[in-house]
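Peer 1: quick one, what's the 3D model for this:
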Amino acid sequence: STSSLEISSGDLTLDAQGNANAVFIFQMASTLTTTSGRQVILSGGAKAANVYWQVGSSATLGTATIFKGTIMAQISITLQTGATLHGRALARIGAVTLDANTITIPTLPQPPRFGPIYRAPGGVVTLVITNTPGLALTLQTSANLTSWTTLATPTLAVSPDTFTDTTASAEARRFYRAFYP
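Peer 2: Have a look, this model is predicted:
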């Protein structure tokens with residue numbers, strides 16, 4: 001916006017349309033304001049950690065507003081009574097003013113890591129994986145670190161969790177990697 005931005009006549013929904021890596025960047029030359037009770041709603045896999053508000057002067061979140069994202073204001077940021085922020089409030093020159101507010105810093109996904117790996121006498125391998133619960137993983141295997149085959153795309157509910165590779169045989173070496181799709 002070449003001037004200010006106001007969320008005043010309804011809530012704002014940010015829809016990632018299934019893309020967990022979607023990023024939303026809002027820039028306004030002047031102020032950002034929400035009226036009382038407004039909400040920024042995330043849908044379709046959108047994450048507060050991927051929403052950014054660059055404000056040319058000051059931002060004011062109205063009473064009982066529920067807001068998502070990182071606010072970066074040139075001058076100041078005010079959260080009126082009971083406003084909730086799922087993100088960060090960063091003011092370059094002035095203050096961040098709070099009044100009975102709740103601020104939750106969004107968590108970024110934890111990179112998947114392997115813990116102990118066990119091979120049973122018949123060749124079946126059990127992997128212990130530390131990850132961000134609820135995110136789908138791509139789990140792959142290789143015999144030579146060059147060509148990789150996808151074993152599964154599990155969504156592990158807890159961390160750490162286990163995965164059993166029933167396709168493993170008694171070969172001397174078997175490599176694994178895990179990543180978020």
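Peer 1: ok, residue 149 - contacts?
Peer 2: By CB atoms under 8 Å, 6 or more residues apart in numbering, the contact set of residue 149 is 140, 141, 142. C-beta coordinates here come from the backbone N, C-alpha and C atoms, glycine included.
Peer 1: and of those, the nearest to residue 181?
Peer 2: Relative to residue 181, the closest of those is residue 140; by CB to CB it sits at 11.2 Å.
Peer 1: can I have the buried ones of the contacts of residue 149 as a PyMOL selection?
Peer 2: Buried subset of the contacts of residue 149, written as a PyMOL selection, criterion 16 or more other CB atoms under 10 Å:
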select buried, resi 140+141
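Peer 1: which ones among the contacts of residue 149 are found in strands?
Peer 2: Within those, residues falling in strands by DSSP state E are 140, 141, 142.
Peer 1: which residues of the chain fall in helices?
Peer 2: In the chain, no helices are defined using DSSP state H.
Peer 1: low pLDDT regions in this structure?
Peer 2: Across the chain, nothing is flagged by pLDDT under 70.
Peer 1: change it to 80
Peer 2: The model of the chain has pLDDT under 80 over residues 20, 107-110, 134-135, 169-172, 181.
Peer 1: so what's residue 70 bridging to?
Peer 2: Residue 70 has these beta-bridge partners by DSSP bridges: residue 52, residue 88.
Peer 1: related to what we said a few turns ago, now flag whichever of the contacts of residue 149 is closest to residue 29.
Peer 2: residue 140 (46.7 Å).
Peer 1: so what's the closest one up against?
Peer 2: For residue 140, the contact set (CB under 8 Å, 6+ apart) comprises 148, 149, 150, 151, 176, 177, 178.
Peer 1: let's see 10 Å
Peer 2: 147, 148, 149, 150, 151, 152, 153, 175, 176, 177, 178, 179 (CB atoms under 10 Å, 6 or more residues apart in numbering).
Peer 1: so what's the residue count around the fourth one?
Peer 2: Applying the criterion other CB atoms under 10 Å, we find 10 residues in the vicinity of residue 150.
Peer 1: the residue lying closest to it once chain neighbours are set aside pairs with what?
Peer 2: Counting by CB to CB, 6 or more residues apart in numbering, residue 150 lies nearest to residue 140, which is 5.2 Å off, once chain neighbours are set aside. Here residue 140 sits in beta bridges with residue 150, residue 177, as judged by DSSP bridges.
Peer 1: closest to residue 34 out of the contacts of residue 140?
Peer 2: residue 179 (37.0 Å).
Peer 1: assess the claim that that closest one and residue 113 are in contact.
Peer 2: No - using CB atoms under 10 Å, residue 179 is not in contact with residue 113; the gap is 11.1 Å.
Peer 1: who's in contact with the closest residue to residue 37 other than its chain neighbours?
Peer 2: Leaving aside its chain neighbours, residue 37 sits nearest to residue 64 (4.9 Å; criterion: CB to CB, 6+ apart). Each residue near residue 64 by CB under 10 Å, 6+ apart is listed here: 34, 36, 37, 38, 39, 80, 81, 82, 83, 84.
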